[in-house]
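Enquirer: sequence unknown, structure follows:
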């Protein structure tokens, strides 16, 4: 019994509920649970073989929740519970619960949007926020990601939706750049050809688009090239391709007599005992006076 706005008592559960009413309500709840089990099996059988399991799970949960709510309301009706006054009495409590579950509700809505847009699926190689890895599972709250270094990361759907999503699986290949410096005074056209030929001979490098090497900048001790290659999408394979490419480039430059310089400084000592001065010459070599 509750008090209404006019201070009159509002009867939610009337007197005189019989044992048969309780049995009736129990039967309704039992039928509801049985119907939920039937729905779960039916949705799993009706779903096509190539249907994403996550979509089937979402449909299944929505149907089960609807059946549970309807069954619960019918069971209250069997007990002659007044639903209207009960909902009014629980209104303030419902608002408080909604505020407390704000993050959960936002993740739920974001999960529905992700299921509708489907920017990635289970098994895709993706970059979410600052994490790269393979999508292991997607539910209405989190995205489970196994990173390339073996970590299992759970990202809230809201955070996933608010940050850029990179799906490596959507494209069969990706481009990798390796920066290589050659000494000043080197024949740049010849060095460029050596770099391109070395990249073309590296295992795992795609021939279309073909490898390329371009001068990026004049550094402090070297002229820096950017070697651009395309290779298949494979999380850990990116490091192998870069390693193989670096070793092939160094071997090719050594065979061609092209120097890969390291940072060097020129130190000049004055005879009058003044403090030494440091500078770098055009060829990156050290000289002392």
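Expert: All right, it came through fine. Since the model is a prediction, treat every value here as computed from it, not as a measurement.
Enquirer: From now on I want contacts and neighbour counts done on CA atoms only, so please keep to that.
Expert: Noted.
Enquirer: Could you identify the helix or strand that succeeds the top helix by length along the chain?
Expert: Longest helix in the chain by number of residues, with DSSP state H as the criterion: helix 19-46. Using DSSP states H and E, the helix or strand that follows helix 19-46 in sequence is helix 53-78.
Enquirer: Low-confidence ranges, the stretch 151-289 of the chain, go.
Expert: Residue ranges of the stretch 151-289 of the chain with pLDDT under 70: 234-236, 270-289.
Enquirer: picking up where we left off before, could you give the angle of the longest helix of the chain to helix 53-78?
Expert: Computed with axes from the mean of the first three to the mean of the last three Cα atoms, to 10 degrees, the direction of helix 19-46 lies at 170 degrees from that of helix 53-78.
Enquirer: for helix 19-46, packing partners?
Expert: Secondary-structure packing of helix 19-46 (3 or more Cα pairs under 8 Å, 6 or more residues apart in numbering; DSSP states H and E): helix 53-78.
Enquirer: average pLDDT for the helix it packs on?
Expert: Averaged across helix 53-78, the pLDDT comes to 76.
Enquirer: Report all helices and strands that it contacts.
Expert: Judged by 3+ Cα pairs under 8 Å, 6+ apart, the packing partners of helix 53-78 are helix 19-46, helix 83-89.
Enquirer: avg pLDDT for the first one?
Expert: Here helix 19-46 scores 81 as its mean pLDDT.
Enquirer: Buried residues, it. List them.
Expert: Buried residues in helix 19-46, counted by 16 or more other Cα atoms under 10 Å: 21, 24-25, 28-29, 32-33, 35-36, 39-40.
Enquirer: what about the strands in the stretch 151-289 of the chain?
Expert: For the stretch 151-289 of the chain, the strands defined by DSSP state E, counting those that start in this stretch cover 152-156, 165-167, 173-182, 212-218, 223-232, 266-268, 277-279.
Enquirer: partners of the third one, with directions?
Expert: Sheet pairing here is set by DSSP bridges, and for strand 173-182 it gives strand 223-232 (antiparallel).
Enquirer: What are the phi and psi values at the residue most central in space within the chain?
Expert: By Cα atoms, centre = their mean, the chain has its centre lying nearest to residue 128, at 2.5 Å. For residue 128, the backbone dihedrals (degrees, to the nearest 10) come out as phi -120, psi 120.
Enquirer: Outline the domain layout of this structure.
Expert: Domain segmentation of the chain under automatic domain parsing yields 2-103, 120-168, 171-256.
Enquirer: so how far is the second one off the chain centroid?
Expert: Its chain's C-alpha centre lies 3 Å from the corresponding centre of domain 120-168 when counted by Cα atoms, centre = their mean, to the nearest Å.
Enquirer: same thing with the last one?
Expert: Centroid separation between domain 171-256 and its chain, computed with Cα atoms, centre = their mean, is 29 Å.
Enquirer: Now do the end-to-end distance for it.
Expert: 36 Å (Cα to Cα, to the nearest Å).
Enquirer: of all the helices and strands packed on helix 53-78, which lies closest to residue 202?
Expert: helix 19-46 (47.3 Å; Cα to Cα).
Enquirer: And stretch 178-194, end to end?
Expert: By Cα to Cα, the extent of stretch 178-194 from end to end equals 14 Å.
Enquirer: Redo the strands of the stretch 151-289 of the chain as TSV? Include distance to residue 200 and mean neighbour count.
Expert: Formatted as TSV, the strands of the stretch 151-289 of the chain follow (distance: least, Cα to Cα, whole Å; neighbours: other Cα atoms under 10 Å):
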stretch	distance to residue 200	mean neighbour count
strand 152-156	36	17
strand 165-167	27	16
strand 173-182	14	17
strand 212-218	9	16
strand 223-232	9	21
strand 266-268	38	15
strand 277-279	38	13
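Enquirer: Turn those strands into a markdown table, columns for distance to residue 80.
Expert: Conversion of those to a markdown table gives the following (distance: least, Cα to Cα, whole Å):
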| stretch | distance to residue 80 |
| --- | --- |
| strand 152-156 | 42 |
| strand 165-167 | 52 |
| strand 173-182 | 65 |
| strand 212-218 | 79 |
| strand 223-232 | 66 |
| strand 266-268 | 96 |
| strand 277-279 | 94 |
